[in-house]
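**Student:** return a 3D structure for these sequence lines:
(one chain, ligands or ions: 1)
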Amino acid sequence: MFTAEQLQTQLETFKTQGFVVLERLIADDQVQSLLAAMRAAEAARGYSYAKTSFEGYKTVRINNLLTYDEAFWQVPLQPEVLQLSEAILDKELLLSSLCTLTLGPGQEAQPLHDDMQQLKLPRPQPTMAVNAVWALSDFTTANGATQVVPGSHRLDRSPSYGGQVQTVAATMPAGSVMLFDGALWHHGGANQTDERRYAISCYYCAGWMRQQENLQLGIPQDLARRFPLRLQELCGYSIYKGQYGHIDNQDPITQLGREPQRTTVWEATDRALATHASTKETHA
Ligand SMILES: O=C(O)CCC(=O)C(=O)O
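**Tutor:** Purely as a prediction, here's the structure:
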């Protein structure tokens, strides 16, 4: 975990540049087991490239990744990445999507975009999403390292989709993770090598926002019951600020057979009123 001072440094970089790279964060044995799980997932699902220019005609993207292998469960829970994402978004953040980004040889550069572009909200805006891209191969300019526009999350507009601007390649060794603001202008690079560029995108969003993947419906409940509690919460079995996401005033975690972890804001308000009243009586 980061110390308070280290966390502050990372937060300042994130705020200014719109991204931070945590070099060599992931041990090689975890990188290897994720690569093995990704290849097994490709085999299980039937190897196929994506069908749009955004997703990449020579890219394998596997969504709903938590359903494929327990090795993926640890990704959204990685301590430093989660600590930093919580510090940016708040502790009630959600996992928005978890998918592989495996760029095959010959994959062309992805169109320039940002991840908030569909939401027609004023810019600049507070950070609403954090994309943690896990490099499971060395990310090089030649194999398609993500290209970013430093500071662009602070601009008053989204990029023109697919436009041409000056970018910087986020090169990093395998086992590194780059976290970037959902509003940062970026695109996947072109893979001009004979090797695949392996990566996972672990995309978190604010707890009040709709998740990109519908993880409550997409993950069978029998499987979600086996997740660690924190992963269940990240998938949406939680309530934001005691108000958003409840089921008939109950914490949705009870659907997975657990005790409620949170009460609603209305119950909390009543408790506060009761405490206030009893303090007043004591002092009367
Ligand atoms: O593959 C990459 O490096 C980035 C992919 C990306 O930006 C996206 O799919 O939104």
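**Student:** and stretch 168-175, is it in reach of the ligand?
**Tutor:** No: Stretch 168-175 lies out of reach of the ligand by C-beta under 6 Å from any ligand atom, never closer than 8.0 Å. (Glycine included, C-beta is placed from N, CA and C.)
**Student:** what about that stretch, start to end distance?
**Tutor:** 20 Å (C-alpha to C-alpha, to the nearest Å).
**Student:** enumerate the positions of it that are buried.
**Tutor:** For stretch 168-175, burial by neighbour count (16 or more other C-beta atoms under 10 Å) applies to Ala170, Thr171, Met172, Ala174, Gly175.
**Student:** in CSV, list those along with secondary structure.
**Tutor:** Converted to CSV, those look like this (DSSP: H, G, I helix; E, B strand; the rest coil):
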residue, secondary structure
Ala170, coil
Thr171, coil
Met172, strand
Ala174, coil
Gly175, coil
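**Student:** among those, which one lies nearest to the ligand?
**Tutor:** When the buried residues of stretch 168-175 are ranked by distance to the ligand (C-beta to the nearest ligand atom), Ala170 comes first, at 8.0 Å.
**Student:** from what I see, that closest one and Pro150 are in contact.
**Tutor:** No: judged on C-beta atoms under 8 Å, Ala170 makes no contact with Pro150 at a distance of 9.8 Å.
**Student:** who touches both of those two?
**Tutor:** When contacts are counted by C-beta atoms under 8 Å, 6 or more residues apart in numbering, Ala170 and Pro150 are jointly contacted by Phe19.
**Student:** show the pLDDT at Glu195.
**Tutor:** In this model, Glu195 is scored at 98, pLDDT.
**Student:** for Thr275, that is, sorry about that
**Tutor:** Confidence score, pLDDT, at Thr275: 84.
**Student:** now do Gln261
**Tutor:** 88.
**Student:** you'd agree it is up against Thr254?
**Tutor:** No: in this structure Gln261 lies outside contact range of Thr254 using C-beta under 8 Å: 9.2 Å.
**Student:** what's the helix or strand for the most centrally placed residue in the chain?
**Tutor:** Centroid-nearest residue in the chain: Tyr203, 1.8 Å away (criterion: C-alpha atoms, centre = their mean). Assigned by DSSP states H and E, Tyr203 belongs to strand 199-205.
**Student:** how far does the following helix or strand past that strand sit from the chain's center?
**Tutor:** On the C-terminal side of strand 199-205, the nearest following helix or strand under DSSP H and E is helix 215-218. Centroid separation for helix 215-218 versus its chain: 16 Å, with C-alpha atoms, centre = their mean, to the nearest Å.
**Student:** next: stretch 40-57.
**Tutor:** With C-alpha atoms, centre = their mean, you get 20 Å for stretch 40-57.
**Student:** skipping its backbone neighbours, what lies nearest the residue of the stretch 151-284 of the chain found nearest the ligand in space?
**Tutor:** Here the stretch 151-284 of the chain gets closest to the ligand at one residue, Gly188, 3.1 Å apart by C-beta to the nearest ligand atom. If the residues on either side of it in the chain are set aside, Gly188 comes closest to Gln110, at 3.8 Å by C-beta to C-beta, 6 or more residues apart in numbering.
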